[in-house]
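Novice: No letters, just coordinates:
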């Protein structure tokens, strides 16, 4: 099988170029906006494949003879090679799940091709985009695309484990994900505002002044906060505060090399009965970094996902892709530092709006929730 990228100002033009050169059997594998270094070749890059030989492309537009084409900067070579390798891995997964007939149908149908491009531009995984688009009838309306996506979306904003006397929630995740701010937002919305007895516990003794920051928040809110340095002490505190309605546990954000020192805590969080461990991830994080962080914190056995920093990105496909990949529901979405209005329960309609770009930014729904 041979792969080739085509550049043009529209996806349809790029597909026509591919079919002129590869023949009618050309299969659309991926489409995306061109990077800065290739934008002079066309606004879109379309990757196609064929089982046969690629014919010389007389019809393919080329730069004028005297027009120099600037090579990619040398200092970008390493990152471009890495990105190409990642793209090839995505294409291999897509090919493994798809049939040549299905991809040919998508590439030959403008409506399906546009739907596929729309999903991949939102950075939804290509294999998921193919699964969605291949189930659409030709000429399907907007609502049909939403209908195809909806079964993939799972949300669960209930705090705590079912049947537990107290709602115990632990937040884990990488540095800078916004765990502490998210924890305070949960304390305000589901503890103080609901007039439920609330207790904050933190095991973050890694960061300088991290515990002091959380203690300051707790003092302002008028709730208790304890700093604990061993799993045994945390178990004792959970027993001491079992009469509280809501117990929130803050944990440190650690790099990959620091996780070995967190193994005992991870084992406690994954085995102690009644702890609802949720993984907090930035929506602005790249897909491969999301995968790496999910693997890094798998030892904590999280059961739900919280996505923060929605205001720092314009592509929301990774939210759905990560939820599907981990088979975990999304519980909450957060867009900024505002307490508590910048945290809302996840809903299928909101995630659909974000992935499909039918809502430019989540302000409207956050504003409604805050009101």
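Specialist: Nice, I can see it. Please read these numbers as outputs of a predicted model, since none were measured by experiment.
Novice: Which segments of this protein make up each domain?
Specialist: 2-67+77-152, 167-370 (automatic domain parsing).
Novice: ranking the ones you listed by mean pLDDT, which is last?
Specialist: In terms of average pLDDT, domain 2-67+77-152 trails the rest of the domains of the chain, at a mean of 73.
Novice: Could you work out the end-to-end span of it for me?
Specialist: 32 Å (CA to CA, to the nearest Å).
Novice: Repeat that for stretch 327-347.
Specialist: 16 Å.
Novice: Same check on stretch 325-343?
Specialist: 24 Å.
Novice: from the chain's centre, how far out does that stretch sit?
Specialist: In terms of CA atoms, centre = their mean, to the nearest Å, the centre of stretch 325-343 is found 11 Å from the chain centre.
Novice: Can you mark which positions in that stretch are buried?
Specialist: 326, 328-336, 339-343 (16 or more other CB atoms under 10 Å). To be clear about C-beta, it is placed using only N, CA and C from the backbone, and glycine gets the same treatment.
Novice: Could you tell me which of those belong to strands?
Specialist: When strands are assigned by DSSP state E, the members of the buried residues of stretch 325-343 inside them are 330, 331, 332, 333, 334, 343.
Novice: so what's the residue nearest to the third one when sequence neighbours are not counted bridging to?
Specialist: When you say that, I think you mean residue 332. Counting by CB to CB, 6 or more residues apart in numbering, residue 332 lies nearest to residue 306, which is 4.7 Å off, once chain neighbours are set aside. Applying DSSP bridges to residue 306 yields these beta-bridge partners: residue 280, residue 332.
Novice: Name all residues that make contact with residue 306.
Specialist: By CB atoms under 8 Å, 6 or more residues apart in numbering, residue 306 lies in contact with 171, 173, 182, 278, 279, 280, 281, 330, 331, 332, 333, 334.
Novice: Can you tell me which of the domains of the chain is packed in deepest?
Specialist: Mean neighbour counts were taken over the domains of the chain using mean count of other CB atoms under 10 Å, and the top value, a mean of 18, falls to domain 167-370.
Novice: Quick one: distance of that domain to the chain centre.
Specialist: Worked out by CA atoms, centre = their mean, domain 167-370 lies 15 Å from the chain centre.
Novice: Check stretch 165-181 too.
Specialist: 17 Å.
Novice: Can you report phi and psi for residue 190?
Specialist: Main-chain dihedrals, residue 190, degrees, to the nearest 10: phi -110, psi 0.
Novice: Would you check how far apart it and residue 50 are?
Specialist: 55 Å (CB to CB, to the nearest Å).
Novice: Would you tell me which one of the buried residues of stretch 325-343 comes nearest to residue 219?
Specialist: residue 339 (14.3 Å; CB to CB).
Novice: can you list contacts of stretch 151-160?
Specialist: By CB under 8 Å, 6+ apart, stretch 151-160 touches 128, 132, 166-169, 186, 190, 246, 274, 276, 304, 320, 323-324, 328-332, 345-348, 351-352.
Novice: Ends of that stretch, what's the gap?
Specialist: Terminal-residue distance, stretch 151-160 (CA to CA): 24 Å.
Novice: now the strands: where do they sit in the protein?
Specialist: 2-8, 27-33, 44-50, 167-172, 198-202, 224-227, 246-250, 275-282, 304-308, 330-334, 343-345.
Novice: can you redo those as CSV with distance to residue 18?
Specialist: Shown next, in CSV, are these (distance: least, CB to CB, whole Å):
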stretch, distance to residue 18
strand 2-8, 5
strand 27-33, 8
strand 44-50, 4
strand 167-172, 45
strand 198-202, 55
strand 224-227, 60
strand 246-250, 52
strand 275-282, 36
strand 304-308, 35
strand 330-334, 36
strand 343-345, 43
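Novice: out of the ones you listed, nearest to residue 110?
Specialist: strand 27-33 (11.5 Å).
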